[in-house]
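Return atomic coordinates for the entry below.
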Amino acid sequence: MSYLWDYRDKQMKNDSSYLQEIRKDLRFDAELCGQPLKFSSTWGIFSPREIDEGTELLMRYIKVEPTDDCFDLGCGYGPVGLAMARLAPQGQTMLVDKDFMAVEYSNRNAKLNNISNATAQLSNAFQHIDKTQKFDVIASNVPAKVGKEMMTIMLTDARHHLKPGGRIYLVTINGLREYMKRNLKEVFGNFKKLKQGKNYTVSYAEKEAD
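The predicted structure is shown next:
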């Protein structure tokens with residue numbers, strides 16, 4: 001019986017109509033921070049068919065003011081950054097990712113939602129961002145396998161790019177919550193756990209005066 005199903009599966013996957021179908025953009029609607037948004041995505045980008053659990057948790061606890069300049073670190077197809085841009089219409093939001101397809105779809109989704117104050121660009125964290133550029137809010141759904149070296153660089157650069165009093169919101173798998181607590185305290189001198197859910201934790205820190 002398993003052989004029969006394997007054969008049928010291979011037939012389906014080799015069928016041109018099936019390939020044509022899965023090459024199409026994936027489209028769905030979502031509401032983040034009370035903002036209705038439309039998304040277009042594709043296979044190969046993280047969580048392409050729906051907003052993932054970590055992002056949903058993060059967006060329930062993030063706070064953005066209308067004039068804030070925001071930064072979405074590791075934007076994927078743009079849910080965090082575009083929601084922040086909607087919440088801060090008088091500010092500018094930058095979205096970055098090291099995946100060129102993520103950047104392409106973030107910019108597409110900004111246009112799809114008529115969001116003119118958000119732009120996505122390629123960058124490995126803050127590596128390709130102007131050193132003088134500062135933000136009020138930085139947010140990220142941190143990959144579980146980011147690595148300690150990259151995490152150190154990311155948090156140090158995030159602090160540099162925050163304005164005095166600026167805020168950073170991070171969501172990680174629960175297995176990284178103590179690690180994140182230690183690193184935020186070391187880099188920012190403060191830390192607050194906003195929420196620990198079943199699988200993810202939202203962490204927060206502020207940039208205090210130098």
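
Which positions within the top strand by length along the chain qualify as buried?
Of all the segments assigned as strand in the chain under DSSP state E, the longest by residue count is strand 162-173. Neighbour counts using 16 or more other CB atoms under 10 Å place L162, G166, R167, I168, Y169, L170, V171, T172, I173 of strand 162-173 among the buried residues. In this view, the C-beta of every residue, glycine as well, is placed from N, C-alpha and C.

Distance-wise, check the nearest residue to the first one once chain neighbours are set aside relative to P164.
Meaning L162. Leaving aside its chain neighbours, L162 sits nearest to K207 (4.1 Å; criterion: CB to CB, 6 or more residues apart in numbering). Applying CB to CB, to the nearest Å, the value for K207 to P164 is 6 Å.

returning to that earlier point: which pair of the buried residues of strand 162-173 spans the longest distance?
Based on CB to CB, the longest span within the buried residues of strand 162-173 runs between G166 and I173 and measures 24.8 Å.

Assign a three-state SS to the most centrally placed residue in the chain, would you?
Nearest to the mean C-alpha position of the chain, by CA atoms, centre = their mean, lies C75 at 3.8 Å. With DSSP: H, G, I helix; E, B strand; the rest coil as the basis, C75 sits in coil.

Can you pull out the residues in contact with the one helix or strand M84 maps to?
Following DSSP states H and E, one finds M84 within helix 79-87. Contacting residues not belonging to helix 79-87 are listed as 30, 32-33, 35, 37, 39, 51, 55, 58-59, 62, 64-66, 68, 70-72, 75, 91, 93-95, 106, 109-110, 113, 115, 117-118, 120, 137, 139-141 [CB atoms under 8 Å, 6 or more residues apart in numbering].

Quick one: buried ones out of the residues you listed?
Applying 16+ other CB under 10 Å to the contacts of helix 79-87, the neighbour count classes 30, 32-33, 35, 37, 39, 51, 55, 58-59, 62, 64, 68, 70-72, 75, 91, 93-95, 106, 109-110, 113, 115, 117-118, 120, 137, 139-141 as buried.

helices and strands around whichever helix or strand Y179 is part of, which ones?
Using DSSP H and E, Y179 sits in helix 177-188. With contacts taken as 3 or more CB pairs under 8 Å, 6 or more residues apart in numbering; DSSP states H and E, helix 177-188 sits against helix 148-161, strand 162-173, strand 192-196, strand 200-206.

hmm, back to that, I'd like the next helix or strand past the helix holding M84.
For helix 79-87, the succeeding helix or strand toward the C-terminus, using DSSP H and E, is strand 93-97.

quick one: the closest residue in space to K181 that isn't next to it in sequence from Y169, how far?
Excluding the flanking residues, the one nearest K181 by CB to CB, 6+ apart is F191, at 5.2 Å. Distance from F191 to Y169, counting by CB to CB: 12 Å.

Many thanks, have a good one.
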